[in-house]
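Asker: Sequence below, structure please.
(chains A and B)
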Amino acid sequence: MDVIKEDQVLDCSGMLCPMPVVKASKAIKTLEVGQVLKMVATDPGAPPDMEAWSRQTGNELLRSMQEDGKFVFFIRRTK
Amino acid sequence: MSKSDPNAPKRLALIASKGTLDWAYPPFILASAAGAMGWEVGIFFTFYGLTLLKPQLTAAVTPVGNPAMPMKMPFGPESFQNINWPIPQLIMSNVPGFNALATTLMKQTFENKGVASIEEMRQVCVEMDVRLIGCQMTMDVFGFKREDFIKECEIGGAATFLEYAADADVQLFV
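Answerer: Numbering: from 1, shown residues only, chains lettered A, B, ... in the order given. Alright, predicted model coming up:
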């Protein structure tokens, strides 16, 4: 798998719904269009929620994966 | 912005009618999640839900008349925390201070599990410009004044909410 270079990291470990999407939406607004946010979460609800969030906001979910028992997302700000 | 505008964001219209700690969560969770997705959100706080607009939140929970509520302890080893204590309704309703105890235990459990507090959730909604509408009729009935509620809310009636909800994509009653 290609390595995705992130511009900012957001750790949402230990947080439950809806804080991962709330924090992600705040963080993505601090990036420039085209930049990538790496978000880490432990909430098992985060993968489907981040996919829905990506579809609703239009920000591109480049990758959703598991790493060291955590859920990791790479999101590109699109607008 | 009305729905006739193709560029208008999606809109969520919620009614928050309950003021207990357990039922305070759904409207604030849904509102903040919708706000995070770029939706426009409005919540109409009516009847007991109106108390969720007070500056100091005192929302409590009662296991009495709430038989599906799990009774769990927020401390000790995990096997202990996972025990669902089978306390009869008759006992819970007769022990003084039981609601206060249940409220403390639920708040602690939520905090341990990583759920934000109602205060935090409400602040997130305020920062997202969620429209918070307090029910005028409920204020009149219970004798509340405008200054009893946070300055970020507005006061309105059924027509105010319905006009907003008419153009919403999702409308829910909690």
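
Asker: can you list the residues of chain A near chain B?
Answerer: A:14-19, A:21-22, A:24-26, A:42-43, A:49, A:52-53, A:56-57 (C-beta under 8 Å from any C-beta of the partner chain). From N, CA and C alone the C-beta is placed, and that goes for glycine too.

Asker: which residue ranges form the strands in the chain?
Answerer: Went with chain A since none was named. Applying DSSP state E to chain A gives strands spanning A:8-12, A:36-41, A:60-67, A:70-76.

Asker: that's the other chain; I wanted chain B
Answerer: According to DSSP E, the strands that chain B contains are B:11-16, B:40-45, B:131-135, B:154-156, B:170-173.

Asker: As CSV, those strands with distance to chain A and mean neighbour count would be great.
Answerer: Below are the strands of chain B laid out as CSV (distance: least, C-beta to the nearest C-beta, whole Å; neighbours: other C-beta atoms under 10 Å in any protein chain shown):
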stretch, distance to chain A, mean neighbour count
strand B:11-16, 11, 24
strand B:40-45, 12, 25
strand B:131-135, 17, 24
strand B:154-156, 23, 16
strand B:170-173, 12, 14
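
Asker: Export those as CSV, with columns for distance to residue A:4.
Answerer: Output for these, formatted as CSV (distance: least, C-beta to C-beta, whole Å):
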stretch, distance to residue A:4
strand B:11-16, 32
strand B:40-45, 32
strand B:131-135, 37
strand B:154-156, 44
strand B:170-173, 33
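
Asker: Compare the strands of chain A and give me the one nearest residue B:99.
Answerer: Among the strands of chain A, the nearest to residue B:99 by C-beta to C-beta is strand A:8-12 (32.5 Å).

Asker: For that closest one, buried residues please.
Answerer: A:10, A:12 (16 or more other C-beta atoms under 10 Å in any protein chain shown).

Asker: How about the residues of chain B by chain A?
Answerer: When proximity is defined as C-beta under 8 Å from any C-beta, chain B approaches chain A at B:10, B:29-30, B:32-33, B:35-39, B:113-116, B:124.

Asker: For the closest residue to residue A:51 other than its chain neighbours, list each beta-bridge partner.
Answerer: Excluding its sequence neighbours, the residue lying closest to residue A:51 (C-beta to C-beta, 6 or more residues apart in numbering or on different chains) is residue A:61, at 6.2 Å. Residue A:61 has these beta-bridge partners by DSSP bridges: residue A:75.

Asker: For residue A:62, give its distance to residue A:54.
Answerer: Taking C-beta to C-beta, to the nearest Å as the measure, residue A:62 falls 9 Å from residue A:54.

Asker: whoops, I mixed them up, residue B:106
Answerer: Taking C-beta to C-beta, one finds residue B:106 at 32 Å from residue A:54.

Asker: Kindly report the same for residue B:88.
Answerer: Per C-beta to C-beta, residue B:88 is found 47 Å from residue A:54.

Asker: Looking at these two now, which is surrounded by more residues?
Answerer: Using other C-beta atoms under 10 Å in any protein chain shown as the criterion, residue B:88 and residue A:54 rank with residue A:54 on top: 21 against 8.

Asker: tell me, what's touching residue A:62 and residue A:54 both at once?
Answerer: residue A:75 (C-beta atoms under 8 Å, 6 or more residues apart in numbering or on different chains).

Asker: Could I get the contacting residues of the residue nearest to the spatial centre of chain B?
Answerer: Centroid check for chain B by C-alpha atoms, centre = their mean gives residue B:24 as the closest residue, at 2.0 Å. The contact partners of residue B:24, taken as C-beta under 8 Å, 6+ apart, are B:16, B:18, B:52, B:57, B:59, B:118.
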